[in-house]
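**Q** fold the following and give me the result.
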Amino acid sequence: MEILECKNLYKNYGKKEVLKDINIKIESGKIIGLLGANGSGKTTLIKLINGLLIPTSGNVYIKGEKPGIESKKIISYLPERTYLNFDMKVSEILKYFSDFYENFDSKKAYELLEKLKINKDDKLKTMSKGTKEKVQLVLVMSRNADLYILDEPIGGVDPAARDYILDTIISNFKEGASIIISTHLIADIERILDDVIFINDGIINLYESADELRQKHDKSIDAIFREVFKC
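**A** All right, here's what the predicted structure looks like:
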């Protein structure tokens with residue numbers, strides 16, 4: 001079953017065309033890499049899927065419906081920049097999410113905090129950038145959503161922690177759900193991907209199975225991407 005469809009999707013900011021005729025369908029039960037350099041259109045596409053922007057033309061469908069109140073109930077979104085109140089304790093934020101989202105699993109959230117060695121009584125303003133991002137990840141992955149959208153989930157953590165973060169992601173999403181992971185750190189993330197989408201200058205250049213792509217070219221996804229988009 002398709003969880004997401006983008007159909008003839010365009011987005012302009014004034015005269016600047018940021019996304020150009022995006023056509024993708026994503027089925028349930030997939031981990032998809034939305035791969036592109038900074039400024040390629042990844043975040044704009046993600047905001048359109050989440051209903052945070054309005055398309056210039058074309059449509060986004062979540063389970064056959066346009067983004068709105070119902071889609072927000074089944075999409076768990078990790079934005080690139082934090083939106084949390086830095087004066088709040090982690091436990092207070094978890095309580096807020098539990099009250100706001102019916103599908104938020106507080107027990108899972110506290111288990112993840114413990115695994116990531118995050119103190120529930122600490123305030124966000126006392127934490128490093130990487131730890132703040134881990135807290136956001138805990139909040140997102142503790143929802144029993146149908147679609148998880150993660151915008152640069154490993155961008156702010158050190159390389160040693162990235163594998164652990166990825167393992168946390170793939171071990172804690174609802175069975176049968178799909179994950180879209182947007183990143184430019186392709187080498188770090190490609191091992192967990194089912195499918196990959198290459199986006200550059202607002203255009204989808206490729207949408208293919210990760211395994212088939214590697215077999216066809218006998219190269220890593222990162223090497224293929226660098227070859228396709230070399231300067």
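**Q** wait, doesn't Glu133 sit right on Asp151?
**A** No. Glu133 is not in contact with Asp151 according to C-beta atoms under 8 Å; the separation is 10.9 Å. Any C-beta I mention is one placed from the backbone N, CA and C, and that applies to glycine too.
**Q** against Asn38, how distant is Leu193?
**A** According to C-beta to C-beta, to the nearest Å, Leu193 stands 19 Å off from Asn38.
**Q** of these two, give the one with the bigger neighbour count.
**A** The neighbour count for Leu193 versus Asn38, taken as other C-beta atoms under 10 Å, is higher for Leu193 (21 against 9).
**Q** mind listing what's buried in the lowest-mean-pLDDT helix or strand in the chain?
**A** Among the helices and strands of the chain, helix 159-171 carries the lowest confidence by mean pLDDT, DSSP states H and E, at a mean of 82. By neighbour count on 16 or more other C-beta atoms under 10 Å, the buried set for helix 159-171 is 161-162, 165-166, 168-169.
**Q** on contacts alone, who are the packing partners of that helix?
**A** helix 129-141, helix 186-189 (3 or more C-beta pairs under 8 Å, 6 or more residues apart in numbering; DSSP states H and E).
**Q** one more time with 10 Å
**A** helix 106-115, helix 129-141, strand 147-151, strand 178-183, helix 186-189 (3 or more C-beta pairs under 10 Å, 6 or more residues apart in numbering; DSSP states H and E).
**Q** name the helices or strands packed onto the last one?
**A** Helices and strands touching helix 186-189, by 3+ C-beta pairs under 10 Å, 6+ apart, are strand 31-35, helix 159-171, strand 178-183, strand 195-200, helix 221-228.
**Q** please repeat the previous calculation with a cut-off of 8 Å.
**A** strand 31-35, helix 159-171, helix 221-228.
**Q** could I have it exported to PDB, CA atoms only?
**A** The C-alpha trace of helix 186-189 is given here as PDB (Å, rounded to 0.1, in the frame of the first residue of the first chain):
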ATOM      1  CA  ILE A 186      25.300   9.200   2.400                       C
ATOM      2  CA  ALA A 187      28.200   7.000   3.300                       C
ATOM      3  CA  ASP A 188      27.000   6.900   7.000                       C
ATOM      4  CA  ILE A 189      23.500   6.000   6.200                       C
END
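**Q** list the contacts of it.
**A** The contact list for helix 186-189 (C-beta atoms under 8 Å, 6 or more residues apart in numbering) reads 33, 35, 154, 159, 162-163, 166, 181, 183, 220-222, 225.
**Q** do the same with the first one
**A** Outside of helix 106-115, the residues that reach it under the criterion C-beta under 8 Å, 6+ apart are 90, 94, 97-98, 119-120, 135, 138-139, 141-142, 168, 172.
**Q** residues of that helix that come out buried?
**A** For helix 106-115, by 16+ other C-beta under 10 Å, it's 109-110, 112-113.
**Q** distance from the least confident helix or strand of the chain to the middle of the chain?
**A** When C-alpha coordinates are averaged (C-alpha atoms, centre = their mean, to the nearest Å), helix 159-171 and its chain have centres 14 Å apart.
**Q** got the CA positions of that helix in CSV?
**A** In CSV, the C-alpha atoms belonging to helix 159-171 read as follows (Å, rounded to 0.1, in the frame of the first residue of the first chain):
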residue,chain,number,x,y,z
PRO,A,159,30.9,10.3,13.6
ALA,A,160,31.4,7.7,16.4
ALA,A,161,27.7,8.2,17.5
ARG,A,162,26.2,7.9,14.0
ASP,A,163,26.0,4.1,13.8
TYR,A,164,24.4,4.0,17.2
ILE,A,165,21.8,6.7,16.2
LEU,A,166,21.0,4.7,13.0
ASP,A,167,20.6,1.5,15.0
THR,A,168,18.3,3.4,17.3
ILE,A,169,16.2,4.5,14.3
ILE,A,170,15.8,1.1,12.7
SER,A,171,15.1,-0.6,16.0
